[in-house]
Each structure stands twice: as C-alpha cells, then as structure tokens.
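based on what follows, work out the 3D shape:
(2 chains)
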Amino acid sequence: AQSVTQPDARVTVSEGASLQLRCKYSYSATPYLFWYVQYPRQGLQLLLKYYSGDPVVQGVNGFEAEFSKSNSSFHLRKASVHWSDSAVYFCAVNTGANTGKLTFGHGTILRVHP
Amino acid sequence: GGIITQTPKFLIGQEGQKLTLKCQQNFNHDTMYWYRQDSGKGLRLIYYSITENDLQKGDLSEGYDASREKKSSFSLTVTSAQKNEMAVFLCASSRDWGSYEQYFGPGTRLTVL
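Next comes the predicted model:
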C-alpha cells in the first residue's frame, strides 16, 4: 500500500524567507500528487497537483512543488513567505489505479514570524 | 464554484451517545467522503460514497455508520461516542470516482465528555 511521509511536523520561518516543506511517498509507480493547505478552523484547500509532464508545478499564492521520481519526493517551495501562509500543509497521493482514494501525510505545521 | 457545508460546527456529546454529523454539497458531485482528522495523524478515511446509492467503508469505519440520503448530502453517525475522544471530522466531495481532486468542508469538531 502507498504511504506518505512528511518528516517535519513543525517548521518555523521568518517572513520574507524562503520555504521548503518535504514530502516523500512510497509507491512503485508514479502516483498523482497533491499539496493541500488548511488554515485555522477551515477545511483543506488544494494548493497544487502533479499528474505528469513538467516536474515543477505551480500553484496558488506563489507556491510551487517539484516531483522527483528518483527520490520519490514532491517537495513544496515558496520563494518568500508571508505571515498569512501560517497553516497546516498536507501532502497527499493517489495511485491513479481507477480509485478516488487519497492517502495523506500527517501534515506540517508552518509558522511564519511577522 | 460550489461549497460544502457541515453541521454542526461543534458537537459535544456524552460517552456512549449516538451522534450524527451532516454534510451538504452544491457542486453536484457524485462522490463524497468522510475523514477523521486527529492532531499529528493526518486524515483517515472513514466512509465514502461513489454515487448516490453507494456506500463504502474506509480504513477507519469501525464505530461509525454513514448514509447518503441524496446526491447532495452525506451523513456520518458515531454509533457510541468514546470518552475523551476529540477529533475533527471533515467531509469532502469530488466530481466522480475517477476525479482525483477533492473539495473539503470546514469540519465538525467533536468533543466527548
């Protein structure tokens, strides 16, 4: 069965700094990959997705992610964070085997110091 | 666009009580999901419904029942609430079973006294 690991439970950065949130997956083929964000007291919102093609995908609010098949990773990046980016970020995978089931990582809590 | 509404926002129950959470979506999506979110554990799938008359158990279905009353609504019942249980229950929907993008509601926060 596939699994998703987000090795950093919490990340703290200063406003204006660059950001990388890590995600590694375990699956024999290339899955469909997602990053979701959860702001306080809200549901999850899709940030970006990767299905195929260019390994760097752009999302909303300046976020991007890079897929690496060799490393089985899908890390999320942002060049300059804002205090409003403080939230919980979830990486998720779908095996694409005609199933709608997503497997989520445990999430990374991002805190941005103003 | 559309929206997913979950009621209630907060639910406080007693041990052993049967509790029902409701979810409505106006996306006209075929597929709906219920997840449980525990702090530090990510989201775990409880039940899902591929189409209006379908019901499937997820990875965490024990202790729960679900009901898809109509295409737009999906309810979850905690059959016997456990003392000291605290979690957020998230409802989601997708266009259909082959659509990988899921849209989430704001959640119901459950506390069991």
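
which residues touch B:D30?
Applying Cβ atoms under 8 Å, 6 or more residues apart in numbering or on different chains to B:D30 gives the contacts B:I50, B:T51, B:E52, B:K71, B:S94, B:R95, B:D96, B:W97. Where C-beta positions appear, they are placed from N, C-alpha and C, glycine not excepted.

my guess is the fourth one contacts B:N28, does it?
Yes: under the criterion of Cβ atoms under 8 Å, B:K71 lies in contact with B:N28, with a separation of 7.3 Å.

in terms of neighbours, single out the busier of the two.
B:K71 (16 against 10; other Cβ atoms under 10 Å in any protein chain shown).

so which strand or helix has the nearest residue to the more buried one once chain neighbours are set aside?
Take B:K71 and drop its neighbours on the chain: the residue closest to it by Cβ to Cβ, 6 or more residues apart in numbering or on different chains is B:E52, 4.6 Å away. Here B:E52, judged by DSSP states H and E, is contained in no helix and no strand.

quick one on the thing from earlier: which among the contacts of B:D30 end up buried?
Applying 16 or more other Cβ atoms under 10 Å in any protein chain shown to those, the neighbour count classes B:I50, B:K71, B:S94, B:R95, B:W97 as buried.

can you pick out the most distant pair from these?
Spanning the widest gap among the buried ones among the contacts of B:D30 are B:K71 and B:W97, at 13.8 Å by Cβ to Cβ.
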